[in-house]
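Chemist: sharing a sequence plus its predicted fold:
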Amino acid sequence: MDIYAAIQKIEKFLETYPDEHGDEPAVWAPTESKLLPSGDDNDAIKIWFNFGPGVDEKHITRLLEQFEEAVTQDHPEIKRYSLELRGDAF
């Protein structure tokens with residue numbers, strides 16, 4: 001699977017993630033997301049989420065960890081790539 005196919009799998013996964021994964025799916029409500037191949041590393045995918053104002057950094061860290069665990073568990077072939085997750089709250 002090339003990096004673009006992996007990105008498409010992750011995008012598709014995001015469509016059902018809030019309903020099917022995590023211990024607090026209602027909290028998973030990013031207002032914006034971007035997925036791109038890294039320009040620096042051929043085997044890395046950069047994933048960015050904006051969770052909106054009022055979400056604290058500790059909560060964002062936990063949400064990103066849960067997301068990464070769920071996507072790689074459901075799609076182990078994605079583990080071939082390094083996922084560089086980042087979350088903001090603005």
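Modeler: Now that the structure is in, tell me what you want to look at.
Chemist: going by C-alpha atoms from here, please, whenever you check contacts or count neighbours.
Modeler: Noted.
Chemist: the helices in this structure, which residues?
Modeler: 3-20, 57-74 (DSSP state H).
Chemist: and the angle for the last one with helix 3-20?
Modeler: Interaxial angle of helix 57-74 relative to helix 3-20 (axes from the mean of the first three to the mean of the last three C-alpha atoms, to 10 degrees): 110 degrees.
Chemist: can I get the CA coordinates of helix 57-74 in CSV?
Modeler: This file holds the C-alpha atoms of helix 57-74, laid out as CSV (Å, rounded to 0.1, in the frame of the first residue of the first chain):
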residue,chain,number,x,y,z
GLU,A,57,-3.7,19.8,26.2
LYS,A,58,-4.0,16.7,28.5
HIS,A,59,-7.3,15.8,26.9
ILE,A,60,-5.9,16.3,23.4
THR,A,61,-3.0,14.1,24.1
ARG,A,62,-5.3,11.3,25.3
LEU,A,63,-7.6,11.7,22.3
LEU,A,64,-4.7,11.5,19.9
GLU,A,65,-3.3,8.4,21.6
GLN,A,66,-6.7,6.7,21.5
PHE,A,67,-7.1,7.5,17.8
GLU,A,68,-3.7,6.2,16.8
GLU,A,69,-4.2,3.0,18.8
ALA,A,70,-7.6,2.4,17.2
VAL,A,71,-6.6,3.2,13.6
THR,A,72,-3.5,0.9,13.7
GLN,A,73,-5.4,-1.8,15.5
ASP,A,74,-8.1,-1.8,12.8
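Chemist: I figured Ser38 hits Ala44, correct?
Modeler: Yes. If you go by C-alpha atoms under 8 Å, Ser38 and Ala44 touch, sitting 5.4 Å apart.
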